[in-house]
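Asks: sequence and predicted structure, then a few things I'm wondering about:
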Amino acid sequence: MTIMSHPITWTQSRVSAILPYSLYLLIMVLLVVRFVSLDIDPPDFLARYTTSHLTDPYQYTSHARNAVLFDEWNPFGYHRWDVFKYSAVSGLSYLLFTLFGVSRITANVSGLLLNIGGIIFFILGLRIFRPIRECLITGAILCINSVLFFYGRLPFLENGLIFLSGATFFFFLHYHDTYTGNIVAGFLIAAAALCGKLFGAVFVVPVIATHIFLTGGRSIRKITSMFAGFFVGGILLIFVFYEGKIPLMLTYYQEQAVGLYGIPESLQSLKAFLFQFFAFGARLGFLKLTPFISLLALMSLGILLLTVEKRKPNQLPIVPIIFAAVWLISASFGLMALNYRPLRYSLFLYFPISALAGYLIYAVFSRRISLSGQFFWISIPIFFFSTWFLTVQVITGYMPVLRAVISGSLSFLATALFAASVTGVVFILLRGGTRHISQYIAVPIIALLIIGALMKQTSCIYEGLSRPGNYLKRYNHDISQLIEKNAVLAGPFAPALTIDNNLRGIIFYFSLPETEPDLFLRFPISHVVSDLSNWRYAQRDYPQYSALPSTATLPIQNVTINLIGVNHVDIMPTSFERAALAYANRQYDSSLAFYRQFCDSHPGNLTAQLSLLEILLTTGRYKEFEQQFDFLVKHHPYDFRIHMIGHRGYSFLHRQTGKWSYRERAENHKKTAIEINPFAGALK
């Protein structure tokens with residue numbers, strides 16, 4: 001027996017020694033890979049949940065871009081979005097733009113550096129009290145998270161929030177026992193709210209909960225110190241940033257909180273509250289994109305409630321996990337209440353989720369799980385709601401047959417009874433004393449979840465990097481030629497379509513509750529770049545422009561961006577714009593002549609070349625259409641727009657000639673277009 005035990009002991013010690021270095025290597029590789037191809041579009045799979053990754057990121061760097069390119073932070077004096085100017089991502093992007101020039105890459109680097117900085121601060125904070133292996137496991141989970149990976153490569157406000165949240169986490173855990181430390185932590189929370197996202201203020205909850213956990217009622221002075229830093233810091237930041245424009249800031253936050261999407265439905269009735277609670281994970285999309293990581297975190301939350309002991313001499317080692325658990329619960333309930341919850345809001349949740357998942361993995365493989373359930377009155381409701389939430393998410397996301405059987409009020413009742421039964425059984429068993437979880441059960445389950453997480457996240461990262469789209473970069477190039485250099489773009493896509501060129505732009509959403517009737521009179525807007533839904537609002541609010549034709553259509557993922565000329569009094573239209581206007585007026589020969597003129601002078605403008613294809617088909621020049629199409633598809637085989645035009649063109653030729661070969665070519669090009677862009681078939 002002694003002889004046989006040596007190889008096992010030696011193998012375990014070798015694995016234990018190699019594991020930290022393997023995790024270090026994995027984290028470093030994943031961090032380096034984040035810098036690969038920073039000029040490509042975000043991956044298509046994000047569009048299943050939101051399109052904000054196409055419109056929003058470069059709004060937050062637009063003030064810094066203006067300052068560097070035009071020597072004015074706000075060249076048109078339009079102050080509706082001044083809050084963006086004072087964000088962390090705006091400040092860092094200004095520094096990077098000044099040093100390395102304005103481009104999509106430098107803008108994305110600003111978000112990426114903040115994201116990575118937040119990860120580093122978070123791991124350093126965790127390391128203060130947690131074992132190094134657990135910290136490395138948590139770091140690996142954060143780095144392999146595909147949502148954090150791709151959203152972290154964009155200059156979202158959420159990445160500024162992540163950086164400041166990580167700094168708060170680190171600083172509070174390091175200096176939680178000093179009054180000065182709590183004052184600084186309060187200031188950082190205020191900065192997270194005002195320079196990141198407003199819901200960063202939720203950090204006061206885990207700070208309070210951690211103090212109560214450590215010292216009970218004796219921590220009131222430290223909590224008061226934190227609030228002092230929070231309020232004084234908030235007032236100071238508001239005064240420095242906004243001076244006499246505080247009403248402007250308040251108007252922005254009021255509009256974002258309730259003006260755009262109304263009073264939170266969850267506050268209006270119990271049924272609405274339950275619906276918002278259970279729809280939370282599905283609507284954000286983070287449970288679908290990171291199911292195994294989220295499941296590990298929920299299991300960890302339940303186990304944490306049953307492993308924390310009363311009156312333990314030294315509670316400090318568990319403090320970071322308690323902080324993370326309260327962070328996850330409080331932030332989830334805060335975000336749950338909102339009517340608008342885009343996927344990027346989940347970035348704030350992935351840090352406590354990863355900490356909880358890392359805690360569980362380390363505990364299972366270290367054989368350190370013994371359940372006791374001493375905090376029954378706290379543990380029972382949280383365990384019940386966690387089980388209920390998890391049950392609903394599994395049924396709605398992965399069991400369509402069962403979802404069809406139980407739906408509506410019946411699903412609430414059935415899943416609640418199931419969760420109550422599980423909770424009852426667990427706590428009845430724990431009444432008998434401490435229960436140990438068998439390694440033969442725990443290790444295989446956790447190992448399968450780890451394998452599932454690795455497969456899911458690496459496949460998403462591989463998909464996003466191996467099928468790169470360069471449409472936004474291409475459109476930036478094309479649009480700078482399609483219109484005059486002194487043109488001014490307005491609309492939700494203006495920042496995204498000017499980040500790689502020197503055109504001027506104004507951020508504007510036509511779907512805002514408070515319209516601006518004199519918008520086109522106050523500002524020298526020459527063109528609107530908008531998706532169809534926003535343009536419909538514009539047609540409603542500005543009927544004088546309702547009949548204007550689209551100069552160019554710029555499809556990307558599941559959105560078609562329309563370029564629409566609204567004012568040519570001071571700006572001469574290009575030959576491309578003349579061609580588009582002639583086409584809209586059915587002057588096809590004139591349109592063809594202008595398109596040819598433009599394409600001859602700008603042969604690299606693919607948007608113009610595709611427009612030329614359309615007019616060739618319209619004017620019956622079928623042979624030339626085929627020749628031009630074959631040339632374009634040869635040089636741009638992975639552009640779905642070309643294949644969609646091929647589908648429409650050859651479908652038309654099939655109807656005209658009856659040739660079966662045209663129909664086959666049409667179907668092949670449609671299939672290829674959808675392989676490149678899964679949403680291509682539904683675009684208008």
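Replies: Sure, I can see it.

Asks: find the nearest non-adjacent residue to residue 116, please.
Replies: Nearest residue to residue 116, sequence neighbours excluded (CB to CB, 6 or more residues apart in numbering): residue 31, at 6.2 Å. Yep, even glycine has a C-beta here, placed from its N, CA and C like the rest.

Asks: the one you found: what secondary structure?
Replies: Here residue 31 is recorded as helix under DSSP: H, G, I helix; E, B strand; the rest coil.

Asks: any weak-confidence spans in the stretch 1-150 of the chain?
Replies: 1-16 (pLDDT under 70).

Asks: now do 50
Replies: Within the stretch 1-150 of the chain, the ranges that satisfy pLDDT under 50 run 1-11.

Asks: show me the helices in it, by range?
Replies: 2-33, 52-55, 62-70, 82-85, 88-100, 104-127, 132-144, 146-151 (DSSP state H, counting those that start in this stretch).

Asks: tabulate those (a markdown table), appending mean neighbour count.
Replies: Shown next, in a markdown table, are the helices of the stretch 1-150 of the chain (neighbours: other CB atoms under 10 Å):
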| stretch | mean neighbour count |
| --- | --- |
| helix 2-33 | 11 |
| helix 52-55 | 22 |
| helix 62-70 | 22 |
| helix 82-85 | 20 |
| helix 88-100 | 20 |
| helix 104-127 | 23 |
| helix 132-144 | 23 |
| helix 146-151 | 24 |
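
Asks: and residue 464, what pLDDT?
Replies: Looking at residue 464, its pLDDT is 93.

Asks: for the nearest residue to it once chain neighbours are set aside, phi and psi?
Replies: In this structure, residue 464 finds its nearest non-sequential neighbour in residue 43, 3.3 Å apart by CB to CB, 6+ apart. Here is the backbone geometry of residue 43 (degrees, to the nearest 10): phi -60, psi 150.

Asks: before we move on, what about residue 605?
Replies: The phi/psi pair for residue 605 (degrees, to the nearest 10) is phi -90, psi 100.

Asks: for the nearest residue to residue 501 once chain neighbours are set aside, which residues are in contact?
Replies: In this structure, residue 501 finds its nearest non-sequential neighbour in residue 480, 4.0 Å apart by CB to CB, 6+ apart. Shown in contact with residue 480 (CB atoms under 8 Å, 6 or more residues apart in numbering): 501, 502, 503.

Asks: now do residue 567
Replies: Contacts for residue 567 (CB under 8 Å, 6+ apart) come out as 520, 524, 525, 526.

Asks: mind listing the strands for the stretch 251-400 of the chain?
Replies: Here the stretch 251-400 of the chain has its strands, by DSSP state E, counting those that start in this stretch, at 370-371.

Asks: can you give me the helices in it?
Replies: For the stretch 251-400 of the chain, the helices defined by DSSP H, counting those that start in this stretch occupy 270-284, 286-289, 291-305, 319-336, 347-365, 376-398, 400-405.

Asks: dump those helices into TSV; add mean neighbour count as well.
Replies: Shown next, in TSV, are the helices of the stretch 251-400 of the chain (neighbours: other CB under 10 Å):
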stretch	mean neighbour count
helix 270-284	17
helix 286-289	22
helix 291-305	22
helix 319-336	21
helix 347-365	25
helix 376-398	17
helix 400-405	11
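
Asks: and residue 108, which of those is closest to it?
Replies: Checking those against residue 108 by CB to CB gives helix 347-365 as the closest, at 15.1 Å.
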